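Q: Sequence and predicted structure are below.
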Amino acid sequence: MTVDRLPGLPSAVTIWEVGPRDGLQNESALVPAAVKVELVERLADAGHAVIETTSLVRPDRVPQLADAEEVLRRLDRRPGVRYPVLVPNQRGLARALDLGVTDIAVFASATEGFARANLNRSVGESLEVFAPVVARAREAGLNVRGYLSMCWGDPWQGEVPLSQVIAVATRLFNLGCTELSLGDTIGVATPGRVVALLDGLVAAGVPLGRIAVHFHDTYGQALANTLAALQRGVTTVDASAGGLGGCPFAKSATGNLATEDLLWQLDGLGIHTGVDLTKLAETSAWLAGHLGRPSPSRTLRALTGA
């Protein structure tokens, strides 16, 4: 591939692979634990350094991830690869610690409607639940990512005011999170709005080096939004192998940014990720076969026909 660098872009980007957790959680047909373990191991073989593996939530909330403990026990965790796990509360954290997890994530909402739908609590109540989780995890030496969903739009509220997102984001970050991931859960963000939020958070005291972006491609804006974030200084981007994913608690949330599409762009810009596109495409094609349907990733379809 011909490389054409653009000014103002980072030399390297960390791809935070969310396929095994966020990608699979919305699948109605249960995926066997053995397939999930093989998926994670294939992603590591492709060069991923961060693979969000599962979620320690109640099985009735996300049945697809009811086998989380089995997956984590069967997984051959490699040196140099991080395997974050989503935890909802202190009980989830205790399970994570018992399983030897070293990276966790908590999941908050910038809006009241989604907080009620997803967490069954208000925004303020959810942050109160997360405070002791983050504190205990940090005391135990764990990295803690704070996910913030509905940063640019919400199915109940519509467009979310910038000031509202910044207020919740800073509260979440100040709990002690080591990283903050900004989620465009229903895919309505555009590049100018992405830049405005990033600038607002930096002005509020959140360092760019601690911010990641998580875009859904509902309106075809995920790559454009990613490029805008990179030009502003973001160096961690969430993506899902094969473009799988959505949110079981927000029906308008369609697939995540496909890792293959992201990697094609980053490779073309000369930005190092450590991920091998050919191996990744083979993995996503293999997974599409298990799921029984083609991948939404344009790059994957172009490369493999999957």
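A: Structure received.
Q: drop to CA atoms for contacts and neighbour counts, all remaining ones
A: Will do.
Q: where along the stretch 51-200 of the chain do the strands fall?
A: 54-55, 85-86, 103-109, 143-149, 153-154, 158-159, 179-184 (DSSP state E, counting those that start in this stretch).
Q: would you turn the ones you listed into CSV with mean neighbour count, mean pLDDT and distance to residue 299?
A: Putting those into CSV (neighbours: other Cα atoms under 10 Å; pLDDT from 0 to 100; distance: least, Cα to Cα, whole Å) gives the following:
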stretch, mean neighbour count, mean pLDDT, distance to residue 299
strand 54-55, 28, 98, 25
strand 85-86, 25, 98, 28
strand 103-109, 25, 97, 29
strand 143-149, 24, 98, 26
strand 153-154, 23, 94, 27
strand 158-159, 13, 92, 30
strand 179-184, 25, 98, 21
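Q: So which of the ones you listed is nearest residue 270?
A: Closest to residue 270 of those, according to Cα to Cα: strand 179-184, at 23.9 Å.
Q: Would you mind getting the angle between the closest one and strand 103-109?
A: Angle between the axes of strand 179-184 and strand 103-109 is 40 degrees (criterion: axes from the mean of the first three to the mean of the last three Cα atoms, to 10 degrees).
Q: circling back to that earlier point, quick one, which of the strands of the stretch 51-200 of the chain is nearest to residue 124?
A: strand 103-109 (9.8 Å).
Q: What are the contacting residues of the closest one?
A: 82-88, 93, 96, 115, 123, 126-127, 130, 137, 142-151, 168, 172 (Cα atoms under 8 Å, 6 or more residues apart in numbering).
Q: got it, and stretch 122-129?
A: Under Cα under 8 Å, 6+ apart, the answer for stretch 122-129 is 89, 108, 109, 110, 111, 112, 115, 116, 119, 168, 171, 172.
Q: what about 10 Å?
A: 88-90, 106-116, 119-121, 133, 168, 171-172, 175 (Cα atoms under 10 Å, 6 or more residues apart in numbering).
Q: Pipe the strands of the stretch 51-200 of the chain into CSV and attach distance to residue 25 per row.
A: Converted to CSV, those look like this (distance: least, Cα to Cα, whole Å):
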stretch, distance to residue 25
strand 54-55, 9
strand 85-86, 12
strand 103-109, 14
strand 143-149, 16
strand 153-154, 20
strand 158-159, 25
strand 179-184, 16
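Q: right, so of the ones you listed, which gets closest to residue 24?
A: strand 54-55 (9.1 Å).
Q: now for the closest one, which elements pack on it?
A: helix 68-74, strand 85-86, strand 103-109 (3 or more Cα pairs under 10 Å, 6 or more residues apart in numbering; DSSP states H and E).
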